[in-house]
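Novice: Provided below are the primary sequence and the corresponding predicted coordinates.
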Amino acid sequence: MNNLSLDTVLFDLDGTLLDTAPDLAFALNTVLVEQKRAPLPFEQIRPWVSHGGNIMIKNGFQLNDDDPTLESLRQRFLTIYADHIADQTRLFDGMAAVLETLENKGIQWGVVTNKSAWLTDPLLHKLGLASRSVCNISGDTLPQRKPDPAPLLHACQLANSTPEQSIYIGDASRDVEAGQRAGMRTLVALYGYIGAQETPTEWGATGMLQKPFDLLSWIDQSIN
């Protein structure tokens, strides 16, 4: 898709814009220890993060969907996480320069995540990002969530942009699916929380980013 304009870059949050895994792993391991379980290695937890708290609890405690303890453990996990939401979370290495470069080029950027607003909003505020982004779409902003395209289309409306003038970057197959269904170009954040068993090259994305800074070279090569 060369020779197309670009005025909006939309990011998934966990594993794409922000490295949230340390704080989420802390929350999960805290719950495990409270329940007299052994904490898990960070590298084991990291690929679970993009799939949300429910999956983290299910995997961490090896529970089924119908386990009666699942919801109470998830709520405890979220409470701990909310209290430590920005202790270690940072922009991925190089992302600060990427955002600054986008802003200097007159390209606006925003966030579209399945993370609930009561977690997304405080996190972005604490990191000084909320006022810089053109939109912050959370998992409960609309009735629909990714892979439904509605959140991305809503982001375009708030950004006064169109899907054709936007790209969406994420680290999960549902991110690519949502972007494709919205009519956007999509990029995979290979530096994100992608498990060894996942095959991002088969997701059908427009391109791949080995590191955040690759976005700038992709824009230079692909967009006029």
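Specialist: All right, it came through fine.

Novice: domain ranges for this structure?
Specialist: 8-19+90-222, 21-83 (automatic domain parsing).

Novice: quick one: end-to-end length of the longest one, please.
Specialist: From the first residue to the last, domain 8-19+90-222 extends over 14 Å; the measure is CA to CA, to the nearest Å.

Novice: just the mean pLDDT for it, thanks.
Specialist: Taken as a whole, domain 8-19+90-222 has a mean pLDDT of 97.

Novice: helices of the chain, start to end?
Specialist: Ranges of helices within the chain are 21-34, 42-45, 53-61, 70-83, 95-104, 117-126, 150-159, 173-182, 214-222, based on DSSP state H.

Novice: nearest to residue 199, out of those helices?
Specialist: helix 173-182 (8.9 Å; CB to CB). Yep, even glycine has a C-beta here, placed from its N, CA and C like the rest.

Novice: which of the helices of the chain is buried the deepest?
Specialist: Mean neighbours per residue, mean count of other CB atoms under 10 Å, is largest over those for helix 173-182, with a mean of 23.

Novice: what lies in contact with that helix?
Specialist: Residues outside helix 173-182 that contact it (CB atoms under 8 Å, 6 or more residues apart in numbering) are 12, 16, 112, 114, 146-149, 151-153, 156, 163, 167-170, 185-186, 188, 198, 200, 203-205.

Novice: how distant is it from the center of its chain?
Specialist: In terms of CA atoms, centre = their mean, to the nearest Å, the centre of helix 173-182 is found 13 Å from the chain centre.
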